[in-house]
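J.: from the sequence below, what's the structure:
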Amino acid sequence: MSKRKNPNYKLKIKLLQEVRLKCPFCDFSDASKLEHHHIDRNPSNTVFENLISVCPNCHSKIEAGEISNEQVLKTKTILNTNSKFFNEKGYTFDNFRIHYDRVGIFKKGMTIKEIYTILPKNQIKKSITYGEHGGEDLYDSYKIYDSNGEHILTLESSEKGNLNDEIKLITIHSSRFHTLSKVRIGTSISEVMLYENIKEFEPDIEFIHFKIDWISAICSINKKQLKNGWWNELLKKIELKSENLNVKIDSISIFW
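T.: I've put the predicted structure just below:
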C-alpha cells in the first residue's frame, strides 16, 4: 500500500478556497473539520487535481461507495470551473469565526507571502505604518477587502519589506467577524459580560479598552458613546454604571 501523503498548508488553503469552506456534498460549514479525499484512492498522489475537501461524514460515504466516484469527479470538475471564475472576479469571504489561533481564513503563524497565494492582489492594499519612534520602526500594513470592495480587516507585520514575516496584528473592521460567544463589532458591553471575564477598562485620549485574553484581543469603545459618570476621579479608574453598559464595541485588535 502506498504511504499516505497529506497536503501542505498552502495546498490545503487552495482546496478550502475551491469548496468555499463548505463540504460540496452537504454544505457542512466548519472548515476546520473538513478532510481531503484522494480521488484516485492513491494516498500518495497528493496534488490539487486529485484532492477534494469534504466533511468526515461525506468522506465516509465516499469510501463506502454511497457517494460514487463519478459524483466525486463531476463535483470536482464543477468546483474547479467555479473556482477559476471566482478567482477572476475576486475571493468572496464566508468564514468569519474568530478562534484563539485563527481569524477566518487567516491562521496564526501565516506569513505575508502566504496571504498573496490565497487572495488576488486587487483585494490587498499595502501601505507603510510608522511606529512610536518616527522613521526608526517602519513596518508593513495590509488592508484586506472583500470581493465587493468592503474593507474588512487590516493585517500588520513587524518588519518592512519582508514577505516571510508573520502576521503580528489583525484589526477587524467588519461586524461579520465574531467569536463563538458572539463578540463582534457592535456588541454591547452588557452582552460581552454575559460570556467574557472583563477584568478592567483602560482609557486613552479617544477610547476606552478592555482585553479578551483567550483570543489575545483588545476591544475598543469610543468615549463619545459614554454618558457622564464613567470615570471615578477618586480611584482614578473607569467604572461603567448601568447607563453605560449598552455602549458598543467600535474595533477589535488581535495580537499574535
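J.: beta partners for His209?
T.: Glu202, Ser220 (DSSP bridges).
J.: the residue nearest to Cys23 when sequence neighbours are not counted and Ile78: what is the separation?
T.: Nearest residue to Cys23 in three dimensions, chain neighbours excluded: Cys55, at 3.9 Å (CB to CB, 6 or more residues apart in numbering). Heads up, the C-betas are built off the backbone N, CA and C, glycines and all. Between Cys55 and Ile78 the computed distance is 18 Å (CB to CB, to the nearest Å).
J.: now Pro7
T.: The spacing between Pro7 and Ile78, counted by CB to CB, is 20 Å.
J.: in terms of neighbours, single out the busier of these two.
T.: Pro7 (18 against 11; other CB atoms under 10 Å).
J.: residues touching the more buried one, list them.
T.: Taking CB atoms under 8 Å, 6 or more residues apart in numbering, we find Pro7 in contact with 15, 36, 46, 51.
J.: gap between it and Asp101?
T.: Taking CB to CB, one finds Pro7 at 19 Å from Asp101.
J.: likewise for Ile118?
T.: Per CB to CB, Ile118 is found 17 Å from Asp101.
J.: so for those two, which residue has more residues nearby?
T.: A side-by-side neighbour count of Ile118 and Asp101, using other CB under 10 Å, places Ile118 first with 17 against 10.
J.: could you pull out the strands for the stretch 51-200 of the chain?
T.: In the stretch 51-200 of the chain, the segments counted as strands under DSSP state E, counting those that start in this stretch are 51-54, 102-103, 106-107, 124-131, 134-145, 151-156, 169-172.
J.: Cys58: neighbour count?
T.: Using other CB under 10 Å, Cys58 is surrounded by 22 other residues.
J.: wait, what's in contact with the closest residue to it other than its chain neighbours?
T.: Residue nearest to Cys58 in three dimensions, not counting chain neighbours: Phe25, with 4.4 Å by CB to CB, 6+ apart. Phe25 makes contacts with 54-55, 58, 61, 67, 71, 75, as judged by CB under 8 Å, 6+ apart.
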